[in-house]
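>>> Return atomic coordinates for the entry below.
(one chain, ligands or ions: 1)
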Amino acid sequence: MSGKFPGGLTLTESRWCFVPPKPPIMGLASETMESGLSGTILVVEDEKEIRDLLAHYLRKEGFTPILAPDGETAILKARKEKPDLVLLDILLPKADGLEVLRAIRSDESIGRTPVVMLTAKGDETDRIVGLELGADDYIPKPFSPREVVARIKAILRRSRPGAREPEQAALAYRELRMDVGRHEVRYQGKPVTLTSKEFRILQALLSSSGRVLSREAILSKVWGEDTHVIARTVDVHIVKLRQKIPFLVKAIETVKDVGYKLREG
Ligand code: CA
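Take a look at the predicted model:
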């Protein structure tokens with residue numbers, strides 16, 4: 001694979017330049033070989049060359065690109081086509097990338113679509129505002145299209161229903177850190193002792209990317225086929241989690257008659 005494409009075209013707002021080959025990003029080789037990851041990607045970029053090049057790389061990897069040259073078209077196409085992911089430039093005519101992101105997040109039918117922002121190098125403000133508005137990732141320009149494709153695949157794999165949960169992963173939410181492999185939780189750097197059920201409920205919430213988890217879903221994730229456990233048990237464990245980590249009193253939102261979710265942000 002890598003022999004076929006010895007280098008990458010690197011894009012800036014105004015020019016392309018050739019960069020020497022870099023060692024593969026971790027996991028890239030297997031991602032490239034992976035089959036079955038496909039989908040529709042809305043590419044929002046006003047510069048035609050960059051847009052076309054991204055479209056070319058996406059097609060080559062089995063994705064279907066939809067193109068939008070400005071913010072207004074992007075919002076219309078996002079609503080109409082309901083893409084699997086949006087690749088979103090910030091500096092755009094008509095409506096900028098942050099406005100597009102806001103429009104997507106506030107529209108119920110497409111609000112959960114993963115969004116990857118393309119930001120000008122070093123522009124911290126755009127990046128922070130983008131993440132606060134709910135962007136899933138950002139890629140600073142100039143970028144290599146292959147890296148963009150690798151990031152898209154990683155995000156799609158995480159966001160797909162039924163996606164494997166990261167077994168050995170480190171999970172994080174604000175100042176909360178979970179090392180799944182070591183079975184450790186820290187809040188503001190201080191270790192917190194949890195029972196294994198509490199740990200696994202917290203893990204389920206941290207892996208749910210803001211989705212609501214029903215009590216039944218939590219039961220089957222944590223207790224598996226043990227039918228003696230009733231849904232109310234989940235509530236009891238959530239109470240304990242909130243006692244041990246008071247930050248979770250607000251961070252875990254109770255969704256009436258359904259279950260629980262982690263607050264966005
Ligand atoms: Ca632009």
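>>> List phi and psi for the residue lying closest to Gly259 once chain neighbours are set aside.
Distances taken as Cβ to Cβ, 6 or more residues apart in numbering put Ser214 closest to Gly259, at 4.1 Å, once the chain neighbours are dropped. Where you see a C-beta, it was placed from the backbone N, CA and C, and this is true even at glycine. Dihedral pair for Ser214: phi -70, psi 160, per degrees, to the nearest 10.
>>> Need the contact partners of whatever helix or strand Arg242 lives in.
In this structure, Arg242 sits in helix 232-244 according to DSSP states H and E. Residues from elsewhere that reach helix 232-244, judged by Cβ atoms under 8 Å, 6 or more residues apart in numbering: 192-195, 197-198, 201-202, 215, 218-219, 222-223, 248-249, 252, 254, 259-260.
>>> So which of the residues you listed sit within helices?
Using DSSP state H, the subset of the contacts of helix 232-244 located in helices is 197-198, 201-202, 215, 218-219, 222, 248-249.
>>> For the chain, which residue occupies the most central location?
Closest residue to the average C-alpha location of the chain: Asp136 at 3.9 Å, with Cα atoms, centre = their mean.
>>> Quick check, the residue nearest to Gly259 in contact with Val258.
Yes: counting by Cβ atoms under 8 Å, Ser214 does reach Val258; the two are 5.5 Å apart.
>>> Distance-wise, check the residue of the chain found nearest the ion relative to Val116.
Nearest to the ion, among the residues of the chain, is Leu91, at 4.0 Å (Cβ to the ion). Look at Leu91 and Val116: by Cβ to Cβ, to the nearest Å, they are 15 Å apart.
>>> Phe199 too?
31 Å.
>>> same check, this time on Pro142
15 Å.
>>> and if you look at Gly210?
Remark: distance between Gly210 and Val116 (Cβ to Cβ) = 16 Å.
>>> same deal with Gly181?
Note on Gly181: its distance to Val116, by Cβ to Cβ, is 27 Å.
>>> burial count for the closest residue to Val180 other than its chain neighbours?
Once flanking residues are discounted, Val180 sits nearest to Ala169: 5.5 Å by Cβ to Cβ, 6+ apart. Look at Ala169: counted by other Cβ atoms under 10 Å, it has 15 neighbours.
>>> Up against the ion, what does the chain have?
46, 89, 91 (Cβ under 5 Å from the ion).
>>> where exactly do the helices run in the stretch 51-200 of the chain?
71-81, 97-105, 124-132, 145-159, 196-206 (DSSP state H, counting those that start in this stretch).
>>> Would you single out the least confident of those helices?
Looking at these, the lowest mean pLDDT belongs to helix 124-132 (a mean of 72).
>>> got the contact list for it?
With contacts defined as Cβ under 8 Å, 6+ apart, helix 124-132 is touched by 90, 97-98, 101, 117, 119-120, 138, 140, 265.
>>> before we move on, back to that, out of the residues of the chain next to the ion, which is most surrounded?
Neighbour counts for these, by other Cβ under 10 Å, peak at Asp89, which reaches 27 neighbours.
>>> Now do the SS call for the nearest residue to Leu54 once chain neighbours are set aside.
The shortest distance from Leu54 to any non-neighbouring residue, by Cβ to Cβ, 6+ apart, is to Val43 (5.1 Å). What DSSP: H, G, I helix; E, B strand; the rest coil gives for Val43 is strand.
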